[in-house]
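>>> quick one: sequence and predicted model below, then my questions.
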Amino acid sequence: MSFSITYHSQQFSFDTTPALFSPKGLDRGTEAMLSTVTFAAGERVLDLGCGCGVVGILAASIVGAENVVMTDVDADAILISQRNAERNAARSVTVLQSDGFRDHGETDFDWILSNPPYHEDFSVAKNFIMKGFNRLKIGGKLVMVTRRRLWYQKKLTSIFGGTEVHEIDGYFVFHAEKRRDSYAARKRRNR
């Protein structure tokens, strides 16, 4: 299976499989998330839970492939993302198999973007939020898209001190900016 996307007047094509998320094309949630992000050349980007690699590869077209890391727990997603990176002239992206942040030590991201599984419990998203905070540089942003608002807004606010919410076509896109080195410091100050 394959599909094509136009992003910033460039054409991209992606192979995928029925087992991966949104195998027929770019899902509306990811499209909503991307519509709220403005990448700049040289920024460092993590596509967390990359699937077939759409977000990371599109980001690479602006920030430079050498500045992009894509991770997924699924071995098939990793193989397909690597193939799609080559296909779309983004060979120097880093593609890693990892369960969230567990299996890699990459840090200092300007952007971490994720469309986490939100139809299950919140454990995956909770890990992405809590561990993602530590992987961002000061001023970096964690961006997530879901269909649920309240839990995500509360969790992001408790870790980051606040979050910006964009509602687009029934999806909620959250932007949480890292403004300090430790979320524990905020808790200590508020006691």
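Great, that's in hand.
>>> which stretches of this protein have low pLDDT?
By pLDDT under 70, the low-scoring segments of the chain are 119-120, 183-191.
>>> show me where it has strands.
In the chain, the strands defined using DSSP state E lie at 2-7, 10-15, 45-48, 68-72, 94-97, 109-114, 136-146, 164-168, 171-177.
>>> and the fourth one, what does it pack against?
Just to be clear, that refers to strand 68-72. Helices and strands touching strand 68-72, by 3 or more Cβ pairs under 8 Å, 6 or more residues apart in numbering; DSSP states H and E, are strand 45-48, helix 54-63, helix 75-87, strand 94-97. Backbone N, C-alpha and C define where each C-beta goes, glycine included.
>>> one more time with 6 Å
Using 3 or more Cβ pairs under 6 Å, 6 or more residues apart in numbering; DSSP states H and E as the contact test, the elements touching strand 68-72 are strand 45-48, helix 54-63, strand 94-97.
>>> center of this structure - which residue?
residue 113 (1.9 Å; Cα atoms, centre = their mean).
>>> any idea how far residue 162 lies from residue 142?
Here residue 162 is placed at a distance of 12 Å from residue 142 (Cβ to Cβ, to the nearest Å).
>>> now do the shared contacts for the two.
With contacts defined as Cβ atoms under 6 Å, 6 or more residues apart in numbering, no residue is adjacent to both residue 162 and residue 142.
>>> have a look at the two and say which one is more surrounded.
Shown here are residue 162 and residue 142; by other Cβ atoms under 10 Å, residue 142 has more neighbours (26 against 13).
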